[in-house]
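# please find the sequence and the predicted model below.
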Amino acid sequence: MSFWDQAVEIARVDLQVERRIGDVLRIIFPFAVVALLVFPLALGIDLAAITRIGPAVFWAIGVLFGMQVALRQAADDRPERRDLYALLGVDPAARFVGRSMSGSLLMLGFMFALMVATLLLYSPRLPEGWPIPAAAAILLTSIGLTELGTLAGEVTAGLRNRTALASLIVAPLAIPLVLGGSQTLESLARDTGILPWLLLLFATDLALAVAGVGLARPIEEASR
Amino acid sequence: MRITRILMVIAAISIGAGLYLTFTSPTDRLQGEFTRIVNIHAPSMWVAFLAFGVTALASIMWLIRRTNAWDRLAEASVETGVIFTATGLFTGMVWGQAVWGRAWDWADPRMASTAVMFFVYIGYLALRRAIPDPIMRARRSAILGAIAVIQVPLVYFSVNLFRSLHQTQSIRPDGATMPDSMVIALLVNFAAFTLLYVALTAARIQVAKAEEEQAADTVPAGDAVTPPLLSEVEDV
Amino acid sequence: MRLEAVGANVILDGAGVSLGGLAVLRGISLSIGSAEVVGIAGPNGSGKTTLLRLLATLARPDEGSGRVLGATLGTTEVYAVRHDIGLIGHVPALIHELSLRENLEHAARLAGDDVSRIDRALRVVGLEGAADRKVGQSSHGMLRRAEAARLLLTRPRLLLLDEAFSGLDTSARDLVDALVERSVAAGGSVVMVSHDANHLASRADRVMTISSGRIEAPA
């Protein structure tokens, strides 16, 4: 079976498992919406402020809770499953790519649902022509965040407190994604050019993809 | 089974009557056609509170009696409660968008506290789903159901207190100065939604019972296995 | 002692493995030829499972060297031979949320095996009527049978069994025995570990004893 067939098969089963346990839809997304509700309550009723912080809150919560999407239970290979994949001759890089594909799809769905919730709760003032740049920024951020989460999930596989530990590793590394995502719309509003920010996101995605594929074997061996 | 069906028919008829009155009663001059939303919004919220109240009661009863029936009632009531809360929030948002130009009215604390309550019970359902063993599921969700009923009024109280510190005025789709025909329409809808809640909850309990019976009928793990065909091992 | 037996599927030369700073295996030297069944007996904590994981290329030698199916342990050569190694470990390697059949399909697709043979494999191991059960709803014996079905499909040249007979009824034990026989008939090697030496004696061509991470004299 070719590299891509293996990656697609792993992504397919990942999504099938997620459909059955529903971590993202039933737990992580509701949790993220509760977080959206908490901000204005902590801020006090100031409609102008709520309108203004909407996009910022979206990116902050999107990235912090997006990590939970990347680290969800379905993506946590138990040791015996990692052994099985190894003995079936699965290329560790194909596993990384497959994981990233299924994770990115879930992350995209999560981010778009979160965007709709933000629009409803915060009624943010958005610059003219925002949908396409926003969609591009969300797409690129979702891919990067998934790759980062998948890598952090690998280095913390099987460890106690895996989710908290991996989150700690991902959060500071995700800063370029938060900046790229939030500044895309900010630049659109100020008319200072969105391209540098989209390029930053793309470069981050690409660098993480190269790292993920290139380091897949050392990572696999490091877990033995 | 038959009682559930009869309940369904009665609920359907009364919902029909409620809708008829909703669309034939006069509208408020300021809010126009959107006044009619109150006929769905207010009864939905009432039923949501009723449902979560029933869940709390059933949870406490389960902790005392430990009989399946209370667990089924708690589960069924939460599910209907969540649907009606979602309906109430959605109609509130439609109304807010139409009248205020903002779907979410932060000045009305009830929206935020209702949303928080909604997620408390979304969490309750997620907990149920996460536990495969029926007895452990009943025990833990009964505890959470009992905790929720203590905590939800505190959530409402805290958010209201929060609002009183931030004086803002808000018009909500309340029925204080409605013409009589609108009041009647609203009352009919309250009755109709309550009947619908009873019918849906009864139906959900039937489903839970059927699921339990099916689980009991399933062949035990060992019986599904047949002796291996050792002579054919070579042929695979 | 140097072992360079011609045609050996497994050669270990003074191999040792440390886990968490502790030497779990020390100075292990052995050679296993084709069509040979080797039993390794030892008490709990003696290093049996680690030895099997070393042979499965899932643990790396920290000292000494070894070759499995021609690949040098601890190098990237092992990737090429892993597909020919079959392991039944303590914990069934199956995905919890999938049914037994779906697990077999997933494994077969990843390994590039023929998915159309799965139905026959399920029938042979006696799981035809239980194939659509989720792993979580299956008994230990059923999961072992599902793993046996997977090994029927992959036809490993090196079969490693870690207490694979424990907790199984007679017919399931017969099934594992049949897997062993098939492997031997095809010129493969089989290594089975158990804390019960008597149990190995009836099945293995030779039985070694392992204690505190070292192989003692052949029993």
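Cool, the structure landed.

# quickly find the element holding the residue nearest in space to the middle of chain C.
Nearest to the geometric centre of chain C sits C:Leu160, at 1.5 Å (C-alpha atoms, centre = their mean). If you go by DSSP states H and E, C:Leu160 is part of strand C:158-162.

# tell me which helix or strand comes right after that strand.
Following strand C:158-162 toward the C-terminus (DSSP H and E): helix C:170-185.

# can you dump the C-alpha coordinates of the helix or strand just after that next one into CSV?
Remark: after helix C:170-185, the chain's next helix or strand is strand C:189-194, criterion DSSP H and E. Listed next in CSV are the C-alpha coordinates belonging to strand C:189-194 (Å, rounded to 0.1, in the frame of the first residue of the first chain):
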residue,chain,number,x,y,z
SER,C,189,10.0,-19.1,13.3
VAL,C,190,7.9,-19.0,16.4
VAL,C,191,8.8,-17.6,19.8
MET,C,192,6.4,-18.1,22.7
VAL,C,193,6.9,-16.8,26.2
SER,C,194,5.1,-17.9,29.3
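
# strand C:158-162 and strand C:189-194, what's the angle between them?
Orientation of strand C:189-194 against strand C:158-162 (axes from the mean of the first three to the mean of the last three C-alpha atoms, to 10 degrees) gives an angle of 10 degrees.

# contact partners of strand C:189-194?
Applying C-beta atoms under 8 Å, 6 or more residues apart in numbering or on different chains, the external contacts of strand C:189-194 come out as C:9-10, C:32-42, C:48-49, C:51-52, C:55, C:157-166, C:180, C:183-184, C:200, C:203-204, C:210. For every residue, glycine as well, the C-beta is placed using N, CA and C.

# out of these, who's near chain A?
The subset of the contacts of strand C:189-194 within reach of chain A, counting by C-beta under 8 Å from any C-beta of the partner chain, is empty.

# any bit of stretch A:155-174 sitting next to chain B?
No - Stretch A:155-174 lies out of reach of chain B by C-beta under 8 Å from any C-beta, never closer than 15.1 Å.

# and that stretch, what's buried?
A:156-157, A:162-163, A:166-167, A:169-170, A:173-174 (16 or more other C-beta atoms under 10 Å in any protein chain shown).

# among these, which are in helices?
A:162-163, A:166-167, A:169-170, A:173 (DSSP state H).

# what's the neighbour count on residue 44?
Chain wasn't specified; assuming chain A. Applying other C-beta atoms under 10 Å in any protein chain shown, we find 12 other residues in the vicinity of A:Gly44.

# that's the wrong chain, I wanted chain B
23.

# quick one: contacts for residue 33?
Using chain A. Contacts of A:Val33 by C-beta under 8 Å, 6+ apart are A:114, A:117, B:115, B:119.

# the chain in question should be chain C.
Counted by C-beta under 8 Å, 6+ apart, C:Gly33 has contacts C:5, C:7-9, C:189.

# now the residue nearest the centre of chain B: closest residue in space, sequence neighbours ignored.
Centroid check for chain B by C-alpha atoms, centre = their mean gives B:Gly81 as the closest residue, at 1.0 Å. In space, and not counting its chain neighbours, B:Gly81 is closest to B:Ala51: 3.0 Å by C-beta to C-beta, 6 or more residues apart in numbering or on different chains.

# my guess is the one you found contacts B:Arg204. True?
No - the criterion here is C-beta atoms under 8 Å, and B:Ala51 misses it with B:Arg204 at 10.8 Å.

# identify the contacts common to these two.
Counting by C-beta under 8 Å, 6+ apart, the residues touching both B:Ala51 and B:Arg204 are B:Thr80.

# more neighbours, these two?
B:Ala51 (24 against 19).

# which one's the longest helix in chain B?
helix B:180-217.

# ditto for chain A
helix A:92-122.

# tell me the gap between that one and the middle of its chain.
A distance of 6 Å separates the centroid of the chain from that of helix A:92-122, by C-alpha atoms, centre = their mean, to the nearest Å.

# nearest to chain C within chain B, name that residue for me.
B:Ala224 (3.6 Å; C-beta to the nearest C-beta).

# verify the stated contact: that residue with C:Ala130.
Yes - if you go by C-beta under 8 Å, B:Ala224 and C:Ala130 touch, sitting 3.6 Å apart.

# any shared contact partners between the two?
Joint contacts of B:Ala224 and C:Ala130 (C-beta under 8 Å, 6+ apart) are C:Met142.

# more crowded one of those two?
Using other C-beta under 10 Å as the criterion, B:Ala224 and C:Ala130 rank with C:Ala130 on top: 24 against 20.

# got the contact list for the more buried one?
B:221, B:224-225, C:100, C:138, C:142.

# quick one: it and C:Arg123, what's the gap?
11 Å (C-beta to C-beta, to the nearest Å).

# what of A:Ser142?
From A:Ser142 to C:Arg123 the distance is 44 Å (C-beta to C-beta).

# those two: which is more packed in?
Between A:Ser142 and C:Arg123, counting by other C-beta under 10 Å, A:Ser142 is the more crowded of the two (28 against 18).

# tell me which element the spatially most central residue of chain A falls in.
By C-alpha atoms, centre = their mean, chain A has its centre lying nearest to A:Leu145, at 3.5 Å. Following DSSP H and E, one finds A:Leu145 within helix A:131-155.

# picking that back up, of the contacts of A:Val33, just the buried ones, ChimeraX syntax please.
In ChimeraX, this line selects whichever of the contacts of A:Val33 come out buried by 16+ other C-beta under 10 Å:
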select /A:114,117 /B:115,119
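
# would you list the contacts of A:Val33 in TSV and tack on distance to chain C and pLDDT?
Below are the contacts of A:Val33 laid out as TSV (distance: C-beta to the nearest C-beta, whole Å; pLDDT from 0 to 100):
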residue	distance to chain C	pLDDT
A:Leu114	25	97
A:Ala117	27	96
B:Ala115	31	90
B:Phe119	25	92
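
# between the contacts of A:Val33, which sits nearest B:Thr194?
B:Ala115 (22.9 Å; C-beta to C-beta).

# how about that closest one, nearest residue that isn't a chain neighbour?
A:Leu37 (5.6 Å).

# what does chain B put close to chain C?
Looking at chain C, the residues of chain B close enough under C-beta under 8 Å from any C-beta are B:132, B:219, B:221-222, B:224-230, B:232-236.

# closest to chain A among those residues?
Taking these together and measuring to chain A by C-beta to the nearest C-beta, the closest member is B:Pro132, at 11.3 Å.

# any idea how many residues pack against A:Leu43?
A:Leu43 has 13 nearby residues by other C-beta under 10 Å.

# element containing the closest residue in space to it that isn't next to it in sequence?
Leaving aside its sequence neighbours, A:Leu43 sits nearest to A:Ala49 (C-beta to C-beta, 6+ apart; 6.1 Å). Per DSSP H and E, A:Ala49 falls inside helix A:47-70.

# next secondary structure after that helix?
Scanning onward from helix A:47-70 (DSSP H and E), the first element met is helix A:79-87.

# angle of that following helix against helix A:92-122?
Going by the same axes, to 10 degrees, helix A:79-87 makes 130 degrees with helix A:92-122.

# any idea how far chain A is from B:Ala138?
19 Å (C-beta to the nearest C-beta, to the nearest Å).

# list the contacts of that residue.
Here B:Ala138 is in contact with B:62, B:66, B:68, B:71 (C-beta under 8 Å, 6+ apart).

# show me those that map onto helices.
Short answer: those in helices (DSSP H) are B:62, B:68, B:71.

# can you flag the buried ones in those?
B:62, B:71.

# for C:Ala59, phi and psi?
Taking degrees, to the nearest 10, you get phi -120, psi 150 for the backbone angles of C:Ala59.

# is it correct that it is in contact with C:Arg53?
Yes - the criterion here is C-beta under 8 Å, and C:Ala59 meets it with C:Arg53 at 4.1 Å.

# now for residue 87, how many residues are close by?
Let's take chain A. Neighbours around A:Leu87, by other C-beta under 10 Å: 24.

# actually chain C
C:Leu87 - counted by other C-beta under 10 Å - has 27 other residues nearby.
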